[in-house]
Structures are given as C-alpha cells and as structure tokens.
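*Asks:* Sequence first, predicted model second:
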Amino acid sequence: MSCRLVATHFLVSIFLIALFTDFGQDGLYVGQLHAVISAALPEINVVDLCHAIPQHDIRAAAYLLPAYTRYLPPACIVVCVVDPGVGSERPHATCKADGRWYIGPDNGLFDVLEQHAHSFRKYHFLWPGKVSDSFHARDIYTPAACLLTESGKIDVLQAQPAEPGQKIFSADLNKIIYFDHFGNAITGLRGSSIKAESKISINSVSINHARTFSDVPKGDCFWYENANGLIEVAANQGSARDNLGLQLDDSLDLV
Amino acid sequence: MSCRLVATHFLVSIFLIALFTDFGQDGLYVGQLHAVISAALPEINVVDLCHAIPQHDIRAAAYLLPAYTRYLPPACIVVCVVDPGVGSERPHATCKADGRWYIGPDNGLFDVLEQHAHSFRKYHFLWPGKVSDSFHARDIYTPAACLLTESGKIDVLQAQPAEPGQKIFSADLNKIIYFDHFGNAITGLRGSSIKAESKISINSVSINHARTFSDVPKGDCFWYENANGLIEVAANQGSARDNLGLQLDDSLDLV
Amino acid sequence: MSCRLVATHFLVSIFLIALFTDFGQDGLYVGQLHAVISAALPEINVVDLCHAIPQHDIRAAAYLLPAYTRYLPPACIVVCVVDPGVGSERPHATCKADGRWYIGPDNGLFDVLEQHAHSFRKYHFLWPGKVSDSFHARDIYTPAACLLTESGKIDVLQAQPAEPGQKIFSADLNKIIYFDHFGNAITGLRGSSIKAESKISINSVSINHARTFSDVPKGDCFWYENANGLIEVAANQGSARDNLGLQLDDSLDLV
C-alpha cells in the first residue's frame, strides 16, 4: 500500500518532451511521434534528442542515455525507444532519475542511467486499449508520456514500482559503443574513471590525451573527455574511425 | 455556380501543418519551408512527417501518403511535394480527404489517397505573384497552406473544383514501393487486401506471415500488416532488403 | 566610447532562432542545441536551417550562409557553427546583416555575408563562465543567442565592434562548393555575376543554360540560377554530380 501511495502523490511537472530512438531522423517514424504529441499537447516543446542510435542497439542507447540527457532541463520526459522486442512481453517502464522522467521498454535501456543517477525510481505500467504490435513508440510510450505530462500524476499510468532485477549493463564499459557523424568514437567510460595523464590503447595503438581538437596537429588522433562526460577517441579535422580502423565493440585499455 | 458556392463557404480549421517531401530532412530545403511557416504563422505546430521519399518517386509518395497521414489529427494540412515537373504546367492542387487537407502538385501524388478516402474533394488553384521556377514547395505550396490556415476559407486560394481526370496509380499495388531505415520492404498493398494465413512469394522465395518481429527467430523474414496498414516484408532484428536481396519494384505474389 | 554607445543602444527584436551547422541533423548534437533553447526560451520558434554542411568546411558554409538566410524573416538570429578550431583562440562573433543577426566563431564564416550585405556590423564578445572545450555551439553560441533574444540588447554580450580584418573568402567563387541531396552542384557564384545566354564549362564539358528542370529532357544537365540566387549545375530527374563526375572544388568557366 505504501508503494501505491508514493505513486499517487507523485506530482509531475513537465514542459519538454525529448525523443531518443533508433528510428533515424529521416524516415516514416519520427514524424508520427510528433503528430501524436501535437494532437494531445499542442503547446508542449518537443526536442529530437537523438534518432541515430544504431538499429536495435540497446547497449549504445543505454550508455548514451544518461550522458546525453544530463544537460536537459529538469521537468522533461525522455521517450526512449530501442525496442527489438516490440510486441513481446517485456514490461513498459517509466523512470524518474535526478528530476527527469524517462519512458520506454524495460529491456536494459535504463540500466546505466540507474547506476549513474543520484536518485532513481522505476515503475512498470500496463497500457490498456488496442495498439499495433509493431509501433509501441507511437501507440504506447508517446501517448503515455503525454498523459503523464498532462495529468501531472504518475498515478494516471496505474504504474507500480518495479521490482529490482538483474541488470544487463554495468555502470561503465571500456569499449567503443558509438561513432558520431564526424567519425569520433564514443566509449561507455565516464571521464571520471580515467586520469588525464593516462595513455590508452586500442587495437595495440597507443593514444595520448589532449584537451580538445585544436590542441593536436590536423589529422592526429587523441582521447579526451567529451562535452557530455564520456571518453572519446577523436581526430582533429579527421575521422578517428577511419584513421585507426576502429569498429564498434573495440576495447580500450589503459597503458 | 454551386461549385463556387461550395468553395466559398468551406470553412477550414487547421492547427497543424505536416510536411511530406523527397527533399531529405538534412539539407538546404526543409529549413526554408519551416522559415516560411514561422514568419507567417509563428504559433502553428509543424511536423516533419517524412522527407525520405526516394527522389522524384511520385509513386512511393502516392502509396505512402494515405497510410502515413491517417493517424494525423483532423484539422491538419499536409504539404506534399515530390515534384519533378516543378516550373512546368502541372496544376497546383489542394484536396480534402476524410477531414484532412493536402496541398501540392497534381501529378499523381493524390491518386491513391482519393481512392482510399471515404470523402474526397480536389481543387485546383492558381498562384499569382512572382515565384522561383525551381522551388514551388517554398514559394507556392507552403505559403498557400499558411494562407488557407490563416484565412480559414478555401476561397482565399481562388480554388476551383478539379475535373475528374485519369489516374496514374491504382488503389493497391503488389510491389515494393519503399525501404525504410531498418531495411523493411513496404508494399503498396493494404492489409485488408490479403488474408493473414496467406503465404506470399517475392523473387520465388516464399514468406510466412507473423504478427510482429519478436514472433519469429532473430534474422528470419516474415510479412505482416504494418502499423500503418500496409503489407510489409520484414526481418526480426535484421534487414529484409539485404536478407532477400530485395529491390524497389519487386512484385509480391500470393501463393 | 562612441562604439560602446552604439552597442548599448542597439535594440534587438528576435522571434526566430535558426541553426546552421555541420553537425548532421541526425546525431547527438543538434538535439542538445534545441534543449538549451527550450530551457531558456520555451516560446521561441526554432528552425533547423541546415545541418548538412560538409564537416569542417568553413568555405561551403560561408558561401551558402548569405544565400540560404536571405529568405528568413528579419528579427531572426542564425546560430552558425562550423568550428574546427573549437577550444582555440578564435574570437566569438555576432553580426547584424540586413536586419538579421548571426552568431558563431569568427573563422571566415561571415566573410561572404559581409560582402553581400547592404548593411553589416560585426561584434566580438567574450563568454565568461565555465564551458566545455569541444562544444561551443551548445555552451556559448546558442546560450548567447538566447541571451541576445531575451534581453533585446547587444550590450548583454559585452560585445565590442570588431576591427576590420583580412578576409579569407571573396564575394564570389567560380567553384563547386556543395552538392545537395539530389546531386545538384551548387557554386559560390551569384546569378547576377553571369549572363543567362552564357555557356559554362566544367571539366572541359560545356553546359547550356535552362530556366528550370522540366525545360530539358530527362537526364540532361544544365545550369541555372537556383531559387536562392546561386549558380547551380543540375540534371532533370538525375544527378549532375554522377552524370558529369563532378567533385567539390571543380572550377566553372565561362565559354
């Protein structure tokens, strides 16, 4: 009963809905999420935070999510959907982490967020009514985010605190989890986990630290803590991916 | 005269402008449409519904348009531009289909919409004033959508009911018309046109039906009615396009 | 002291923030700019004008900027970021050109704009406070644009008129500076610099003028003044880039 009370009294004040998916910005899917929000909450702000998660790559999303939402204002909700199990029995979750709300399938997406957050609660909810079997982002998670935003009460989702379960992903991962548009290689390691004077090694190549791009000669590779707190291997005006022949999952070692 | 009266008294109430083009989301063109809208109607909601229609592919747009706008709220207008004949004499059209408005070049784009809609009217209009010869989306269709939205009257476009003409595209097409970001192959066939127990065949490969992705083993291909009502060939966590060597225009047969 | 007074009394009235970068629309970066704006100015309109500048290509941005912002309403500010020198000592600039505001790194980005504008002023400003060394678009230029918008006074940035300096880019450039999504080749030449009856030549191939795409047979190449005033080599329903084997930096000659 106490759990239920917690949920009932939890007031939510949201002015921003952020979208974080593997749908690709340019296609048939992101626009439909915007249309759902626009119909339900025409006044709300909506931000396409990222739709470039590699397809079905829950791991990339899990490590990027806390880093790339930590600059969002509080009073936002992030609709997070990387959902290869869409239509199957995985639970629907909404979380509150450090003042921000998140909603999406509970398939590991929130594991890293939970371990990095100072405060974290996760709820599971059921979604009554008829929905498609293949597009829960549009038919469940986005409408649920709108409902939460509009009502201001977690109770509207009939959400129940989730039982603590086994996590799929640890708090840090010394591997390349994502390449950005410039060919920079982002890892699952936080900057706080490694000293600036360290050398790191990837695929037997040793890489020095630099403060930022313009501190090394054009084309040279270096590592640094990126603007979102993750260790990244980059090249000044070049592609670290191409220069070093990097691939997703390559390991990074301290030397 | 009765037609004219119909047009004059047709009140329009629009709170959402949706964009549907082959411009590519990321480039020099979509932003200019937003700028036009922002200057004319700073309060209106704008949704990038799709800018990923293959270049100049009127057919793909024609079959996707009714399916991917049927979840839009009523009281919207869709600016539809796939316009290889820009600057030539094709008419400018605005249509009302099942309560939603559409505007764009009358080059076949609205053929399938007309056949699927329960109610449909098409008007032609002239656009006075100086415009570029190569960017009518910015210079005609988007401003006309804004004018229609602002005035609330179709009459503002001096629109006349279009004479019924020959259609280029039929109501359904048993071919692959579009590949999405995941490699799913979308056809021009509605789900209602085929029974769930059917097998289909593409390029002599027989494909079973499944309810959704997670109902088949990882990598396996299946067909299903997608979340927008079209028959789609997909693979669980894989690319049907790559797995089956599919191409645009490949035919789908019932077996 | 007179410069200082000019700055103090310069009232700014902005209702639109436009973004113009080399970040790629779909990735981890554009969404963060939107989030910053959304938190500071939830009511402002934001337009993604272009995020498809080739990476680090200041020249492409410099020539495209005046052409692709001249249709923006006045009372806007364009956040322009192509910034390979991020974290180094290049000045932060804000400019007013023909009634519109621009803000970004002073690395040549505003050179062509200055030469095309009828009225132009450039200011340099310092940004106090802690910022990342690698993402000044998020940490300096976007917040500064918000501050300027909110306060309505250039003085809020403690901006000082910039000393006239050497320009990197001239007013026109007879080279291909950008390929769009369709394979059209955009040059740094304004339409006013070349007569419509001229033939041009690229890579020893002579190319005729046409008014627009539909005026030449399908697949044929032609040149024209595009809808933003720049000379462009294009193909009707084809890719001029592929048909003519064009590359960035190819020169265009009058013949």
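*Replies:* Arrived safely, thanks for sending. All values reported here derive from a predicted model rather than from experimental measurement.

*Asks:* Specify the local secondary structure of residue A:121.
*Replies:* strand (DSSP: H, G, I helix; E, B strand; the rest coil).

*Asks:* Please look at it and residue A:164 and confirm they touch.
*Replies:* No: between residue A:121 and residue A:164 there is no contact under Cβ atoms under 8 Å: 11.1 Å. From N, CA and C alone the C-beta is placed, and that goes for glycine too.

*Asks:* Next up, the contacts around the nearest residue to residue A:107 once chain neighbours are set aside.
*Replies:* Spatially, and ignoring its direct neighbours in sequence, residue A:107 is nearest to residue A:90 (5.0 Å; Cβ to Cβ, 6 or more residues apart in numbering or on different chains). Neighbour list for residue A:90: A:105, A:106, A:107 [criterion: Cβ atoms under 8 Å, 6 or more residues apart in numbering or on different chains].

*Asks:* list the buried ones in stretch A:29-44?
*Replies:* Across stretch A:29-44, burial judged by 16 or more other Cβ atoms under 10 Å in any protein chain shown covers A:29-41, A:44.

*Asks:* Determine whether any part of that stretch lies close to chain B.
*Replies:* Yes: contact of stretch A:29-44 with chain B (Cβ under 8 Å from any Cβ of the partner chain) involves A:29, A:30, A:31, A:32, A:34, A:35, A:36, A:38, A:39, A:42.

*Asks:* list the contacts for the last one?
*Replies:* Looking back up the chat, that one is residue A:42. Per Cβ under 8 Å, 6+ apart, neighbours of residue A:42: B:15, B:16, B:45.

*Asks:* Let's see which of the residues you listed end up in strands.
*Replies:* Per DSSP state E, strands hold the following members of those: B:16, B:45.

*Asks:* Would you check the contacts of residue A:42 and say which has the weakest pLDDT?
*Replies:* Looking at those by pLDDT, the weakest one is residue B:15, with 92.

*Asks:* Just list the residues touching that residue, thanks.
*Replies:* Residue B:15 touches A:42, B:44, B:45, B:73, B:75, B:76, counting by Cβ under 8 Å, 6+ apart.

*Asks:* count of neighbours near the residue lying closest to residue A:211 once chain neighbours are set aside?
*Replies:* Closest residue in space to residue A:211, ignoring its immediate chain neighbours: residue C:133 at 5.3 Å, by Cβ to Cβ, 6+ apart. Residues near residue C:133, counting by other Cβ atoms under 10 Å in any protein chain shown, number 19.

*Asks:* ok, now which ones touch residue A:126?
*Replies:* A:92, A:158.

*Asks:* The residue lying closest to residue A:193 once chain neighbours are set aside - how many residues pack around it?
*Replies:* Take residue A:193 and drop its neighbours on the chain: the residue closest to it by Cβ to Cβ, 6+ apart is residue A:172, 5.4 Å away. Residues lying near residue A:172 (other Cβ under 10 Å) number 19.

*Asks:* so who does residue A:172 touch?
*Replies:* Neighbours of residue A:172 in contact, by Cβ under 8 Å, 6+ apart: A:188, A:189, A:190, A:193.

*Asks:* Surely the third one touches residue A:230?
*Replies:* So the one you mean is residue A:190. Yes: contact criterion Cβ under 8 Å: residue A:190 and residue A:230 qualify, at 6.3 Å.

*Asks:* where along the stretch 51-200 of chain A do the strands fall?
*Replies:* Ranges of strands in the stretch 51-200 of chain A, per DSSP state E, counting those that start in this stretch, are A:76-81, A:92-97, A:100-105, A:120-125, A:160-161, A:173-179, A:185-190, A:200-202.

*Asks:* Tell me the residues of chain A that contact chain B?
*Replies:* For chain A, the residues in contact with chain B (Cβ under 8 Å from any Cβ) are A:23-32, A:34-36, A:38-39, A:42, A:55-56, A:84-88, A:132-135, A:138-139.

*Asks:* can you tell me how far the most centrally placed residue in chain A sits from residue A:193?
*Replies:* A centroid search over chain A (Cα atoms, centre = their mean) returns residue A:65, at 2.0 Å, as the residue closest to the centre. For residue A:65, the distance to residue A:193 (Cβ to Cβ, to the nearest Å) stands at 17 Å.

*Asks:* residue contacts, residue A:121?
*Replies:* Under the criterion of Cβ under 8 Å, 6+ apart, the neighbours of residue A:121 are A:95, A:96, A:97, A:161.

*Asks:* Run through the helices of chain A in chain order.
*Replies:* Taking DSSP state H as the criterion, chain A contains helices spanning A:2-9, A:30-40, A:58-69, A:111-116, A:136, A:142-151, A:240-244.

*Asks:* Dump those to CSV, plus distance to chain C and mean pLDDT.
*Replies:* Below are the helices of chain A laid out as CSV (distance: least, Cβ to the nearest Cβ, whole Å; pLDDT from 0 to 100):
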stretch, distance to chain C, mean pLDDT
helix A:2-9, 27, 44
helix A:30-40, 9, 96
helix A:58-69, 6, 98
helix A:111-116, 16, 98
helix A:136, 21, 97
helix A:142-151, 14, 96
helix A:240-244, 12, 97
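
*Asks:* can you tell which of the ones you listed is closest to residue B:183?
*Replies:* helix A:30-40 (17.4 Å; Cβ to Cβ).

*Asks:* That closest one - contacts with which helices or strands?
*Replies:* Counting by 3 or more Cβ pairs under 8 Å, 6 or more residues apart in numbering or on different chains; DSSP states H and E, the packing neighbours recorded for helix A:30-40 are strand A:16-21, strand A:45-50, helix A:142-151, strand B:16-21, strand B:45-50.

*Asks:* and the third one with strand A:120-125, angle?
*Replies:* Looking back up the chat, that one is helix A:142-151. Orientation check (axes from the mean of the first three to the mean of the last three Cα atoms, to 10 degrees): helix A:142-151 against strand A:120-125 gives 110 degrees.

*Asks:* could you say what helices and strands helix A:142-151 packs with?
*Replies:* Contact partners of helix A:142-151 among helices and strands, from 3+ Cβ pairs under 8 Å, 6+ apart: strand A:16-21, helix A:30-40, strand A:76-81, strand A:92-97, strand A:100-105.

*Asks:* for those, which one sits closest to residue C:69?
*Replies:* Nearest to residue C:69 among these is helix A:30-40; the distance by Cβ to Cβ comes to 25.0 Å.

*Asks:* contact partners of that closest one?
*Replies:* Taking Cβ under 8 Å, 6+ apart as the rule, helix A:30-40 contacts A:17, A:19, A:21, A:23-24, A:44, A:46, A:48, A:51, A:79, A:135, A:137-138, A:142-143, A:145-147, A:150, B:16, B:18, B:45, B:47-50, B:68, B:71-73, B:76.

*Asks:* circling back: let me know the closest of the contacts of residue A:121 to chain B.
*Replies:* Proximity of those to chain B (Cβ to the nearest Cβ) peaks at residue A:95, which lies at 22.6 Å.

*Asks:* separation between that closest one and residue A:150?
*Replies:* Using Cβ to Cβ, we find residue A:95 at a distance of 19 Å from residue A:150.
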